[in-house]
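Peer 1: Would you be able to build a 3D model of this:
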Amino acid sequence: MNYRELIQTFTADDYELCRVNLHIHTNYSDGTAGFKDIVKQAEDKQYKYIAVADHNTLNGYYENGIPENVIPAVEFDCWHGYVFLHMLAYGIDINHAGLEKFLAKSKKETELDIVRFFTSRRAPALIKAIHEAGGIAVLAHPACCWCLSLERFVKDLIKYGLDGLEVYYPYERHRGIIKFHSRETVDKLADKYKLIKTGGTDLHGDSLQ
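Peer 2: Numbering: from 1, shown residues only. You can find the predicted model right below:
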């Protein structure tokens, strides 16, 4: 399947009306729901597609396979310059050898913020590996990026192959408190630089909406 083309067909309504959710965590990282339970909920609630994007791990897919209507994904912690960020990788070949060095070596690297903050991953090398694994690289919750100019930051990542921005994101809880930019700014940047728009709820709990 061409996941890039698939994701580009999703609309704002798909995300906002809970027909698509491309940002979900399970108990394979710091979520509470089981992988199979999330997939079952998505089926019961007639989602078009979901993506389980656990932090720095693909173990959910290694142990459960890639169910129908699930886009294989992972959310990596990494750095670019002085900015700590989260990079979503969608549609990757989960068995691609080039991803191995970027994956967590322990459970703590998937769930503890203080451990994840000290990652050695760097965005340029990570984006390259995502592309080599057949995936697309999307900057997660961009409004939370601690940079003076989000546009300059995004343009710099585009030089290394950034494919998209997570535009449809709720910015609830602590993400709303540490937000430095607006969703409207993110949306305009995606349009200006012709980036793929994605979205999801960043679910860490037990229930899909």
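Peer 1: Quick one: the strands in the chain, in order.
Peer 2: 20-24, 49-52, 73-80, 83-90, 136-139, 164-168, 196-199 (DSSP state E).
Peer 1: Neighbouring strands - and their directions - for the fourth one?
Peer 2: What it means is strand 83-90. Using DSSP bridges, the strands paired with strand 83-90 in its sheet are strand 73-80 (antiparallel), strand 136-139 (antiparallel).
Peer 1: and the spatially most central residue of the chain, what does it touch?
Peer 2: Centroid-nearest residue in the chain, with CA atoms, centre = their mean: Leu88, separated by 2.9 Å. Going by CB atoms under 8 Å, 6 or more residues apart in numbering, Leu88 touches 22-23, 53, 73-76, 137-140, 166, 198. No exception for glycine: its C-beta is placed from N, CA and C like everyone else's.
Peer 1: 10 Å - rerun?
Peer 2: Leu88 makes contacts with 22-23, 51, 53, 73-76, 130, 135-141, 163-166, 198, 200, as judged by CB atoms under 10 Å, 6 or more residues apart in numbering.
Peer 1: ditto for Ala123
Peer 2: Taking CB under 10 Å, 6+ apart, one finds 76, 78-81, 83, 85, 87, 137, 139, 156-157, 160-162 in contact with Ala123.
Peer 1: State the pLDDT value of the residue of the chain positioned farthest from its centre.
Peer 2: Within the chain, the residue lying farthest from the chain centre (CA atoms, centre = their mean) is Asp44, at 23.3 Å. Looking at Asp44, its pLDDT reads 97.
Peer 1: Over to the one 3 residues further on?
Peer 2: If you check Tyr47, the pLDDT there is 98.
Peer 1: And Leu148, by the same measure?
Peer 2: On pLDDT, Leu148 comes in at 91.
Peer 1: how many neighbours does it have?
Peer 2: Neighbour count of Leu148, defined by other CB atoms under 10 Å: 7.
Peer 1: Tell me who's in contact with it.
Peer 2: Per CB under 10 Å, 6+ apart, neighbours of Leu148: Phe180.
Peer 1: Quickly note the distance from it to His181.
Peer 2: In this view, Leu148 and His181 are 10 Å apart by CB to CB, to the nearest Å.
Peer 1: picking up where we left off before, quick one: buried ones out of the contacts of Ala123?
Peer 2: 76, 78-80, 85, 87, 137, 139, 156-157, 160, 162 (16 or more other CB atoms under 10 Å).
Peer 1: Could you pull out the helices in the chain for me?
Peer 2: 3-8, 12-16, 35-44, 59-64, 108-111, 113-116, 123-132, 150-159, 174-177, 183-192 (DSSP state H).
Peer 1: What count of nearby residues applies to Thr201?
Peer 2: Counted with other CB under 10 Å, Thr201 comes out at 19.
Peer 1: typo on my end, it should be Glu68
Peer 2: With other CB under 10 Å as criterion, Glu68 counts 8.
Peer 1: In contact with Lys101: list those residues for me.
Peer 2: 120-121, 125-126, 129.
Peer 1: My guess is the residue farthest from the centre of the chain contacts Leu208. True?
Peer 2: Yes. Contact criterion CB atoms under 10 Å: Asp44 and Leu208 qualify, at 8.9 Å.
Peer 1: so where's the chain shaky on pLDDT?
Peer 2: Per-residue confidence for the chain (pLDDT under 70) gives no ranges below the cut-off.
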